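**Q** sequence and predicted model, in that order:
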Amino acid sequence: MIIRLALIGSGTNTDPYRIDLPTYSGVITNETTGRAFADVPAIDVSPDVAAFVSAYPTVDLTTPLPVPFPASLANGWAEHLARRYDLGNARWHPVVF
Amino acid sequence: MKVTSYAVARPAYYDRNAASFSGGYDATLAPHADTNRVSVTVAATQKVILEGVNMSTQRLTVATVIGLVGFYSNVASTAGFRMTDISTTNNVVNVRERQFVTLNVTIYAGESFTSNTVDSSTGGTVYYIIQYKGTTFSA
């Protein structure tokens, strides 16, 4: 599913702009606003995050979300990824932005 | 007396819950900093054999000042490995740079296959395409 996410990194060869997720494609970025669209496998998105994305659709890389992405959903998503990849809790902390 | 050996050979990787996966990316982009466009991370219980990567760049509009256009794919691990890359400073419209590689690269749990683009020109646009195919299987 397509999700608008916070962009991390600084755009250098050793620290490229990227998404804080294990698996994605189709990245389109706006470095000025720090946002990016990415195509994320549905299996990597927890149901409550998918519900949030559906409830607050985004059409561009500039307009802010009407409500901030709740910390509880962010923490739940990080735990979902940690369970699915079994590679540790601290590795990914994606934020719908 | 019948003697039975318990030393049974492990099935080949393609007989261990193997499944094909493929993906890709294509976009027309203006000059930009180094950006990760694709990432595939291997979960703890799996391995991946990456079998093929096809990538190309094609300039669509002329840059005012040409800079390096780069498109590269890596396996990100403790021993990072650049599998294939395109780098060009050609500013002629419709010139296409292409790399197609068949691979037999094993990617282990926690490692990623990534692909990045960068264009340090001023003005102009470039069309980027990457497609890849691999097999996932139980570790």
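**A** Noted; the coordinates are in hand.

**Q** contact partners for the residue in chain A positioned nearest to chain B?
**A** Among all residues of chain A, residue A:11 sits closest to chain B, at 2.8 Å; criterion: C-beta to the nearest C-beta. (C-beta placed from N, C-alpha, C; glycine too.) When contacts are counted by C-beta atoms under 8 Å, 6 or more residues apart in numbering or on different chains, residue A:11 touches A:17, A:31, B:32, B:33, B:34, B:35.

**Q** in what helix or strand does the nearest residue to it once chain neighbours are set aside lie?
**A** In space, and not counting its chain neighbours, residue A:11 is closest to residue B:33: 2.8 Å by C-beta to C-beta, 6 or more residues apart in numbering or on different chains. For residue B:33, the host element (DSSP states H and E) is strand B:32-41.

**Q** farthest pair in the contacts of residue A:11?
**A** Spanning the widest gap among these are A:31 and B:34, at 10.9 Å by C-beta to C-beta.

**Q** for chain B, list the residues in contact with chain A, please.
**A** B:23-25, B:27, B:32-41, B:43-45, B:109-110, B:112, B:116, B:118 (C-beta under 8 Å from any C-beta of the partner chain).

**Q** just the buried ones from those, in ChimeraX syntax?
**A** Buried residues among the residues of chain B next to chain A (16 or more other C-beta atoms under 10 Å in any protein chain shown), as a ChimeraX selection:
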select /B:23,24,25,32,33,34,35,36,37,38,39,40,41,43,109,110,112,116,118
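
**Q** before we move on, the earlier item: would a markdown table of the contacts of residue A:11 with pLDDT be doable?
**A** Below are the contacts of residue A:11 laid out as a markdown table (pLDDT from 0 to 100):
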| residue | pLDDT |
| --- | --- |
| A:17 | 96 |
| A:31 | 93 |
| B:32 | 96 |
| B:33 | 96 |
| B:34 | 95 |
| B:35 | 95 |
